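> I need the structure of the sequence given here:
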Amino acid sequence: MGLGALLVMWAVGGTAMAAPLPADRAMVPFAVSETGLRPAARIVLLGPPGAGKATQAARLAKSNGVPAISTGQLLRDAAAVVTMQGTEIKAILERGDVVPDDIVIALLKARLKQPDAADGWILHGFPRTLLQALALDHMLVQVKQAVSLVVSLQVPEKVMVERLVHRQVCRTCSRTYNTETNPPAKPGICDDDRGELIHRDEDDEKNATQRIEDQLRLNEEMKAYYGSRDMYLGVDGAQSIDSIQRAIESALQQRRG
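Modelled structure (predicted):
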């Protein structure tokens, strides 16, 4: 079933809008963990490439005892497995095409149902569009989960381009580094698993600039969508890494009461 069949939408003045969530899920002040031991921390991190999502996801995951989930990594992991789906995803990635949303949602749904995600998760890399945000909400209803907080990391475009130009990623564990501001202890080697650090072609200056500009336009739609549901938080992503984390943790704590 395609993604379009999963969503109920209508047009108002040319703008696509989502049908309301079911009454028991539309106004969740704070999601409860499946174990019932503590309030769940289910955070969505938004922002263009270079905004610092992966860095904050790793830190928030550690401090809250939940997994950091990257849809990009889910796709790479799936592509590495010799299955019909894995072969299809691998071919799409090798062509440089966009993986269909319904495939991403299926992978994400399976990941969120794993035991380590019962008390929450930190999601980055998805959603990137309003349609994906709607699909995410629909899927979360199916797995009886709800987003706690949506955080948009807001960084000047020039700063994001500089971050991407100097970004390196571990080939095996996907930890990110910046050769200027957050370098590894040994050049080219990941501190965590000794994996090789690579600079992705998509992070060169020309590609980075285009990707950032595209995502900034799309983020405005998601700001309106999540803001209308009182779960959106804009954070100055040009602050220090510690300051950004404190701002997010503070907002999360306030929602927990």
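
> From now on I want contacts and neighbour counts done on CA atoms only, so please keep to that.
Will do.

> Quickly note the distance from the closest residue to L74 other than its chain neighbours to N207.
In this structure, L74 finds its nearest non-sequential neighbour in L107, 6.9 Å apart by CA to CA, 6 or more residues apart in numbering. Look at L107 and N207: by CA to CA, to the nearest Å, they are 27 Å apart.

> what do you get for A80?
According to CA to CA, A80 and N207 sit 25 Å apart.

> Please apply the same query to T129.
19 Å.

> those helices in the chain, which residues are they?
Using DSSP state H, the helices found in the chain span residues 23-26, 53-64, 71-79, 84-95, 101-112, 130-142, 157-165, 205-227, 241-256.

> any idea of the mean pLDDT for the fifth one?
Read that as helix 101-112. Mean pLDDT, computed over helix 101-112, is 96.

> What angle do helix 71-79 and it make with each other?
Angle between the axes of helix 101-112 and helix 71-79 is 90 degrees (criterion: axes from the mean of the first three to the mean of the last three CA atoms, to 10 degrees).

> could you check the angle helix 84-95 makes with helix 101-112?
Computed by the same axes, to 10 degrees, the angle between helix 101-112 and helix 84-95 is 120 degrees.

> Would you mind writing the CA trace of helix 101-112 as PDB?
Written as PDB, here are the backbone C-alpha positions of helix 101-112 (Å, rounded to 0.1, in the frame of the first residue of the first chain):
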ATOM      1  CA  ASP A 101       8.400   7.200   2.100                       C
ATOM      2  CA  ASP A 102       6.400   3.900   2.600                       C
ATOM      3  CA  ILE A 103       9.700   1.900   2.700                       C
ATOM      4  CA  VAL A 104      11.200   4.300   5.300                       C
ATOM      5  CA  ILE A 105       8.100   4.200   7.400                       C
ATOM      6  CA  ALA A 106       8.000   0.400   7.400                       C
ATOM      7  CA  LEU A 107      11.700   0.300   8.600                       C
ATOM      8  CA  LEU A 108      11.000   2.900  11.200                       C
ATOM      9  CA  LYS A 109       7.900   1.200  12.500                       C
ATOM     10  CA  ALA A 110       9.800  -2.100  12.900                       C
ATOM     11  CA  ARG A 111      12.600  -0.200  14.800                       C
ATOM     12  CA  LEU A 112      10.300   1.600  17.200                       C
END
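
> so what does it touch, helix or strand wise?
If contacts are counted by 3 or more CA pairs under 8 Å, 6 or more residues apart in numbering; DSSP states H and E, helix 101-112 sits against helix 71-79, helix 130-142.

> switch to 7 Å and redo it
Packed against helix 101-112, as judged by 3 or more CA pairs under 7 Å, 6 or more residues apart in numbering; DSSP states H and E, are no other helices or strands.

> Equivalent analysis for the fourth one, please.
The helices and strands touching helix 84-95, judged by 3+ CA pairs under 7 Å, 6+ apart, are helix 71-79.

> Burial check on M231, number of neighbours?
Here the count is done by other CA atoms under 10 Å, and M231 has 19 residues near it.

> Which residue is the nearest non-sequential neighbour of it?
The shortest distance from M231 to any residue that is not its chain neighbour, by CA to CA, 6+ apart, is 5.2 Å, and that residue is L149.

> Can you tell me the centre-most residue of this structure?
Centre of the chain computed as the mean C-alpha position; nearest residue by CA atoms, centre = their mean is H124, 1.4 Å away.

> Next one: that residue relative to S152, how far apart?
Between H124 and S152 the distance, using CA to CA, works out to 11 Å.

> do the same with K158
With the distance defined as CA to CA, K158 ends up 17 Å from S152.

> In terms of neighbours, single out the busier of these two.
In this view K158 and S152 are compared by other CA under 10 Å, and S152 has more residues nearby, 22 against 11.

> And the more buried one, what's its pLDDT?
Listed pLDDT for S152 reads 95.
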